[in-house]
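Student: Just a sequence and a predicted model for now, questions to come.
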Amino acid sequence: MNLDEIDIKILKENFDEELINQIDLDNISKIFKYLENNGIYYAKDLFLISLDLFLCSIDEFIKKFENLKSKLGNEFVDKLGEDLSLIEIMYED
């Protein structure tokens, strides 16, 4: 994942420095790979609006994302792509 100047500006506007400093690039890379394997072509957008979810361990993230997929159904890629706020389903247990 490559973050440009605009991405960094968005992160700083949306999240405090303490949260941004918790970014584990290795873990984020694994999450992006998992999302890519699931057809999520807008993973960077999700990252920029839901940084805290990307701070979860890869295993926890997968568990939460699989729950999201089951709630959204077979068209989860399109539904989430059309309404990124559906990512909030991942906060539910």
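Tutor: Perfect, thanks for sending it.
Student: Wait, Leu80 touches Met90, no?
Tutor: No - in this structure Leu80 lies outside contact range of Met90 using Cβ atoms under 8 Å: 10.2 Å. Any C-beta I mention is one placed from the backbone N, CA and C, and that applies to glycine too.
Student: list the residues that contact both of the two?
Tutor: Common neighbours of Leu80 and Met90, counting by Cβ atoms under 8 Å, 6 or more residues apart in numbering, are Leu68.
Student: Need the pLDDT of Ile49.
Tutor: Ile49 carries a pLDDT value of 95.
Student: Quickly note the distance from it to Asn38.
Tutor: From Ile49 across to Asn38, the span is 18 Å (Cβ to Cβ, to the nearest Å).
Student: what's around Phe65, how many residues?
Tutor: Other residues within reach of Phe65, judged by other Cβ atoms under 10 Å, total 23.
Student: in what helix or strand does it lie?
Tutor: helix 58-72 (DSSP states H and E).
Student: Now the element after that helix, going C-ward?
Tutor: Sequence order places helix 76-82 as the next helix or strand after helix 58-72, per DSSP H and E.
Student: Kindly export that following helix (C-alpha atoms) in CSV.
Tutor: Provided in CSV are the C-alpha atoms of helix 76-82 (Å, rounded to 0.1, in the frame of the first residue of the first chain):
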residue,chain,number,x,y,z
PHE,A,76,-20.9,-7.8,-0.6
VAL,A,77,-18.2,-6.2,-2.9
ASP,A,78,-20.6,-4.1,-4.8
LYS,A,79,-22.8,-3.2,-1.7
LEU,A,80,-19.8,-2.1,0.3
GLY,A,81,-18.3,-0.3,-2.7
GLU,A,82,-21.5,1.7,-3.1
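Student: Check which helices and strands it sits against.
Tutor: In terms of contacts (3 or more Cβ pairs under 8 Å, 6 or more residues apart in numbering; DSSP states H and E), helix 76-82 is packed against helix 58-72.
Student: what packs against the host helix or strand of Leu53?
Tutor: When elements are defined using DSSP H and E, Leu53 is found to belong to helix 51-54. Packing partners of helix 51-54 (3+ Cβ pairs under 8 Å, 6+ apart): helix 17-20, helix 25-37, helix 43-49, helix 58-72.
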